[in-house]
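Asker: build me a model from this:
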Amino acid sequence: MKFAIKTMVAAAALVAVGVAQATVATLTVGGSITTGGYSINSLSGEGTLTFSSALIGALNAAKLQVTAVAPATTPVIFKTNAATQVISISSVSATAPVTSLTGDFTGMGVTVTGVATAGGTLQTAATSNIATNGGSLQITNLNVDLIAKRVYADLVGGNGVGAKANVYLWDIAQVTGSTSIDLSKWPLTGYAQSTVNNTLSGLTINAAAFDLFATSLGLTANGITSLKTVTDYGVINSTITVSSVPEPETLALMGLGLAGISLTTRRRRAACHPVV
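Answerer: A predicted model of the protein is given here:
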């Protein structure tokens, strides 16, 4: 009976390594979160917003210029009409580094519920035309809520709009790809790393955000009509990587558990084969 109790204690010590209560927390770049005996850290990744063809059409109609707001990068590809020699935007994408990850952390896994990035784009209407009277709109620091399927951002608008923090910008029609990390597949000793990739598609603008866009960019009736035809603003593709190193306390607890099992096994053998 004594041997059975000791075995149960040793086994409980091992089980304790992988058992943890769910914790809602935010992991930032350079920070760490302890869960299930691991210190999850080394957060890295990026999110890329690719403008839809309809949105690019609205940009061209207003002759808007698109530039990057650091640390994001914004490659813009242009095309030239062979007949008219008019230069217009062919494609735009904005890639921003991930700054934080919010999720449900347990001893067995991480379910990602939110991701934030830094930087963005500046759209400028330098001259008046049929679609705009002139203006500007800076969109930065996207914050994706995967539970509500919404995208928030910081805006700085022209024409008296000014700075607006964490504006409800877009609704997400569909989330595809992985949004969770399975920690049970990580070794209890040594370095481990996981990467998740997902796609957010069907971005539709919130009504209040649309009004901020229109005012900031000084859109005319024609410009507003053109922007209203955009029912899909684009696609966001993201890649997120985290890594982990077991905590010293975890390794020590594992050592005690294994030592206890080993000692119990030796004592059982000695009891079964007494020395005479």
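Asker: next one: stretch 194-211 to chain centre, how far?
Answerer: Centroid displacement of stretch 194-211 relative to its chain, using Cα atoms, centre = their mean, to the nearest Å, is 11 Å.
Asker: state the mean pLDDT of it.
Answerer: Averaged across stretch 194-211, pLDDT comes to 97.
Asker: give me the buried positions along that stretch.
Answerer: 194, 196, 198, 200, 201, 202, 203, 205, 206, 209, 210 (16 or more other Cβ atoms under 10 Å). Where you see a C-beta, it was placed from the backbone N, CA and C, and this is true even at glycine.
Asker: hmm, who's touching that stretch?
Answerer: Stretch 194-211 is contacted from outside by 45, 52, 112, 144, 151, 155, 167-182, 186, 213, 227-228, 230-243, using Cβ atoms under 8 Å, 6 or more residues apart in numbering.
Asker: please, a PyMOL command that selects the buried ones among these?
Answerer: The buried residues among these can be selected in PyMOL (16+ other Cβ under 10 Å) with this line:
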select buried, resi 45+52+112+144+151+155+167+168+169+170+172+179+181+186+213+227+230+232+233+234+235+236+237+238+240+241+242+243
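Asker: what about the stretch of helix or strand residue 112 belongs to, average pLDDT?
Answerer: Secondary structure assignment for residue 112, by DSSP states H and E: strand 109-117. Averaging pLDDT along strand 109-117 gives 95.
Asker: before we move on, what about stretch 43-62?
Answerer: Average pLDDT, stretch 43-62: 97.
Asker: any idea how far that stretch is from the chain center?
Answerer: Distance of stretch 43-62 from its chain centroid, counting by Cα atoms, centre = their mean, is 17 Å.
Asker: then stretch 190-210?
Answerer: Chain-centre distance of stretch 190-210: 6 Å, with Cα atoms, centre = their mean.
Asker: what's the answer for stretch 57-70, then?
Answerer: On Cα atoms, centre = their mean, the centre of stretch 57-70 falls 25 Å from that of its chain.
Asker: tell me who's in contact with residue 108.
Answerer: Listed by Cβ under 8 Å, 6+ apart, the contact partners of residue 108 are 18, 36, 182, 183, 184.
Asker: cutoff 6 Å now
Answerer: Contacts here follow Cβ atoms under 6 Å, 6 or more residues apart in numbering; on that basis residue 108 touches 183, 184.
Asker: distance check, it against residue 184.
Answerer: With distances taken as Cβ to Cβ, to the nearest Å, residue 108 is found 5 Å from residue 184.
Asker: same thing with residue 70?
Answerer: From residue 70 over to residue 184 (counting by Cβ to Cβ), the distance is 39 Å.
Asker: ok, now which ones touch residue 111?
Answerer: 103, 104, 180.
Asker: one step back: among the contacts of stretch 194-211, which ones are in strands?
Answerer: 45, 112, 144, 151, 155, 167-177, 180-182, 234-243 (DSSP state E).
Asker: leaving out sequence neighbours, find the closest residue to residue 192.
Answerer: Spatially, and ignoring its direct neighbours in sequence, residue 192 is nearest to residue 186 (3.8 Å; Cβ to Cβ, 6 or more residues apart in numbering).
Asker: would you list the phi and psi of the one you found?
Answerer: phi -80, psi 140 (degrees, to the nearest 10).
Asker: check residue 82 too.
Answerer: Torsion angles, degrees, to the nearest 10, at residue 82: phi -60, psi -30.
Asker: was I right to think residue 29 contacts residue 44?
Answerer: No. Here residue 29 lies out of contact with residue 44, judged by Cβ atoms under 6 Å, at a distance of 7.0 Å.
Asker: of the two, who's got more company?
Answerer: Relative neighbour count places residue 29 above the other of residue 29 and residue 44, with 16 against 13, counting by other Cβ atoms under 10 Å.
Asker: need the contact list for that one.
Answerer: If you count contacts by Cβ under 6 Å, 6+ apart, residue 29 has them with 43, 99.
Asker: from residue 166, how far out is it?
Answerer: To residue 166, residue 29 is 19 Å away according to Cβ to Cβ.
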